[in-house]
Structure formats: C-alpha cells, structure tokens
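[1] Fold the stuff below for me.
(2 chains)
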Amino acid sequence: MSDKVITRFPPSPTGYLHIGSARTALFNYLFAKHSGGKMILRFEDTDKERSKQEFEQDIIEGIKWLNIPYELADNPRQSDRGEIYKKYIPKLIESGTAYEAEEAKDGSGRKVVRFKNPNKQVTFTDTIRGEVTFDTTELQDFVIAKNIEEPLYHLAVVIDDHEMGVTHVIRGEDHISNTPRQILMLEALGFTRPVYAHIPLILAPDKSKLSKRHGAVSLTEYRSKGFLPEAIINYLALLGWNPGGEQEVFTLDQLVHMFSLDRVHKGGAVFDIEKLKWFNHEHLKLLSDEKYAERLGGEVDLKLIPLLKERAKTLVEAHDMLKEFEYAPPTRDLLLKSAKTDAAGAKKHLEHIRTLLNALESFMKEDIEKLVFPYATAEGRASVLWPMRVALSGRDKSPDPFTLAAVLGKETTLKRIEEAVKKL
RNA sequence: GGCCCCAUCGUCUAACGGUUAGGACGAGAGCUUUUCAAGCUCUAAACCGGGGUUCGAUUCCCCGUGGGGUCACCA
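    Predicted structure coming up:
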C-alpha cells in the first residue's frame, strides 16, 4: 500500500537523548502506529565534528528502554549516504536551481553550493496550526551543501525523507521556520510534500526551551533517578496532548489507540518533575510484586514490596527505604524517646506484647492488631506503640508497628522484642 | 530587531457560543492504629487587555500586550 503512513525520528547524535527528543519520537510513533504505519529511525550526522558514536548508542538505548518501536533505516547515517546525495546535488546545479559559489571553508578546495532562491512566498498547511506563510526572500541564496557531495542538514533532510518515503513530518516547533526552505528544495527536486505537523516545545519553568542549563534533560538521568519508562511515556504524551477525558494514567497501547494530531496543543508546556513523580508512583503501584522486585534489580523479600509500593515514588526512593528496613538494635534512649512512660513501663509493655504474640498462631497484620491494640489503648498508646515501633524497626520513623510485625514474621519480631527488653 | 508561532488556576489541562469555568499535580487545613510517608476529606487558586460579530462570548474576527521560536559552510 503506497499510502501507508511513514513517520521518522531523525536525531542528530550530538548529545545524549533529550527528554524533548524522546517526546518527539513518541508522538511520531503514536501517530504512525495509530494509523497503521511505522516510524523510521535515522541519524543526522552531517556535522562530523559534533557527531559521536557514543551519542548514537545512547539514543538507541534510550528509545529501546522506553519501549518505543521503530524501524532502523537502511543506511541510517547521513554520513554514509554520500552516494545518494551525489545523485541529487549535480542535478540541482544542472537544472539551474543551485550553483557553485565561493570556496568552502572545509579545506576541501571545492566550492560551496548555494540554492538559487526564487524569492517567493511559501505557504504550507501545518496539521496543528493551519496555514503558515513565509516570505523566503530573506533567506537569500542560502548554502545547501559544503561541497558537491556533502549536503548540509536541510538538503539531507529533504532527500532522506523522500528516499525513505516519509509521509508525515512531525517535529518540534523550533523547526517551523525551517520548513519553507525545505519546501523550496523539495520543489526544485520535484518531490512530493509530506504532511507537516509542528508540535509545541517542552519548556523549562522560566518558559524558555528546555535545555541543559535547566538541569536534568537527558533520558538517562531520569532512568538513573528511578523513573519507569511507562511513567515517562505517559507523562510525555500528556505534555501538549490529551485524549479529552479525565483519565490520566495510560499504557502505551492505550495511547496508541487514542492518539490524534488534532488534539495536540499549540502552546508550549512546562515540564513539571513533581507531576512526573506522581505518574511514576502510579505506574509503580500498577506493577505486580514480582515485577516490582525485578525492577528493583536485587533479591528483595516479596513481603516488603507492598510497603515499598505504598511509600516510594521512584525506584531510588524504594532502594533507600529498603536500606531503612535494615535493622540495627535500638539504643535505650531511642526506645524511650517518645514513649510516655519510663524504662520499667516500657519493659513491662514489651514483655506483655511478647507474651501475647508468642501465643498467636496466624501472624497476619489484622490478628496482631486485634491483640495488641486494645492493650495499647488501655495502657496509653504512646507508651506501648512507641517502644514497639522502635524495638521492631530500630528507628523512630517507620511504618506502623502492626504492619512491621507482620512483615518481619513471628520469629524475627519476637527476637527483636527480646533484644529491646534486655536494654531496659 | 525582521519573520513566524502561541495565550484557561503556580503547573499539565477540559470546554468545540449559553457551565456555579471541570479534573490532575503542587500548596494549605483536617482525619487516620499519636512517627515519616502514603491514603482519605475539604479549601484556596484561572478565562492577558481593548474593540467588534452575536440575543449571548473563555470560545469567532481585529488590534494591543505578554511569552516563545528562529534568523550558520549547526542540526
């Protein structure tokens, strides 16, 4: 089928995968997949000085980590596509729409190629913004190639999009003013115009384009901070687009199903880390205990996962909490810290709890609670519950003592109470 | 500065001429098995301004203001 939708994600490997690029990739994928098409990945590395293998790797790994499907173009690097470009540049010169001008600064001794600007108005339809008109006169006879076989970005884009059969160009709004010059070249080459859609930029809190000076912008940083790819996808999709209802938590498949370009916003959207954290917590809670443990990467007691799920907003927070569960025998001072009783009282209470729990068959939270809580209420909750919390956790900040006891299990619980009693 | 784009709570957004302008994040207050979180409940919080069009404008048009993007032999 010739009318199959083909979008593309063409990063230039001059930096690590940026959160904004990731969203552009996501929108391209969502649109293509929703329309039954595909998204092609290629690298725009015509700037040899700044392009690095390392960045290329990072970008691919990032997209894979996010689970955004793509198809790698044949010959995905522009730096390897010289043979293709060589077919087109002379053609442009022969047809009189381009000409060789002054000597190039690249030391090749060859001449730079300039486009013979027809100096006209160019109007194109942007799916998101409607008709946009530019007067290209101010562009003058712009340079399109460093020399007869090395195109500059704009020319390479036009040729690649044509060669790869790209039907829809979905890119950041910062490219909107590049569009007319690309259309000029594409007309000179006799190519068909793709559909253009310029999506709003992701903004920093100061409303300017999000960039490195604003802090964390590379996907890797979010990954290492313990964010889930599902959460990042979900959050990014809702920056500048929304399906209309009041639901906010979605899976990638759901997003694919609902996505449409006409619900994409025109204005930029400020990136809010707090909301991302909230999405992350939501997606973390959606994981099964087994999957959660898997994501944490270590050997984790599955009994601890529900506790983590409830409290941790990121995997890193979960890790930190896990450390907090590491028990160190509490000091006498800590045991008495907030208990409204003296050492003798605390000792009495702990011994009583030990006796109660020792007789308990089922060590479920509810049963422990049923047994201990009435006693705590009768004796003064603080004077019973505080020593119990500290005895079990070794800390003054912890989940409630009943949950703690249940998670720890009977044996450990009794052992820790025993240890505490000895201190009093 | 030229050109282009944009404009609803602090932030992400709903609304497609008629609503008490809704939701979410965050904030504040309260509740909970007296901690820290989480959770639950409640509260505060917005249509940039001025003209039109219309019986009626947040919504359509124009102007202004504000913000942003872009002006390379970078992408």
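
[2] looking at it, residue A:243 is touching residue A:264, isn't it?
    No: with contact defined as C-beta atoms under 8 Å, residue A:243 does not reach residue A:264; the gap is 11.3 Å. Backbone N, C-alpha and C define where each C-beta goes, glycine included.

[3] So if I had to pick from these two, which one is more boxed in?
    residue A:264 (20 against 17; other C-beta atoms under 10 Å).

[4] show me the residues around the more buried one that make contact.
    Neighbour list for residue A:264: A:27, A:128, A:197, A:199-200, A:240-241 [criterion: C-beta atoms under 8 Å, 6 or more residues apart in numbering].

[5] now do residue A:293
    Residue A:293 touches A:300, A:302, A:305, counting by C-beta under 8 Å, 6+ apart.

[6] Contacts only, for the residue of the stretch 51-200 of chain A found nearest RNA strand B.
    Going by C-beta to the nearest atom of the strand, RNA strand B is nearest to residue A:153 of the stretch 51-200 of chain A, at 3.2 Å. The contact partners of residue A:153, by C-beta under 8 Å, 6+ apart, come to A:12, A:44, A:46-47.

[7] again, but for residue A:202
    A:19-20, A:23, A:209-210, A:239-240, A:268-271.

[8] What about RNA strand B: which of the residues you listed touch it?
    A:209, A:239-240, A:268-270 (C-beta under 7 Å from any atom of the strand).

[9] Compare those residues and tell me which is most surrounded.
    residue A:239 (24 neighbours).

[10] Who is the closest residue to that one other than its chain neighbours paired with across the strands?
    Computed as C-beta to C-beta, 6 or more residues apart in numbering, the closest residue to residue A:239 that is not its neighbour in sequence is residue A:269, at 4.4 Å. With DSSP bridges applied, residue A:269 shows beta-bridge pairing to residue A:202.

[11] Might one say that residue A:10 is in contact with residue A:158?
    No: the criterion here is C-beta under 8 Å, and residue A:10 misses it with residue A:158 at 11.8 Å.

[12] Show me the helices in the stretch 101-250 of chain A, by range?
    A:153-163, A:179-189, A:219-224, A:229-237 (DSSP state H, counting those that start in this stretch).

[13] buried sites along the shortest one?
    Okay, so that is helix A:219-224. A:219, A:222-223 (16 or more other C-beta atoms under 10 Å).

[14] what helix or strand is residue A:419 on?
    Using DSSP states H and E, residue A:419 sits in helix A:410-423.
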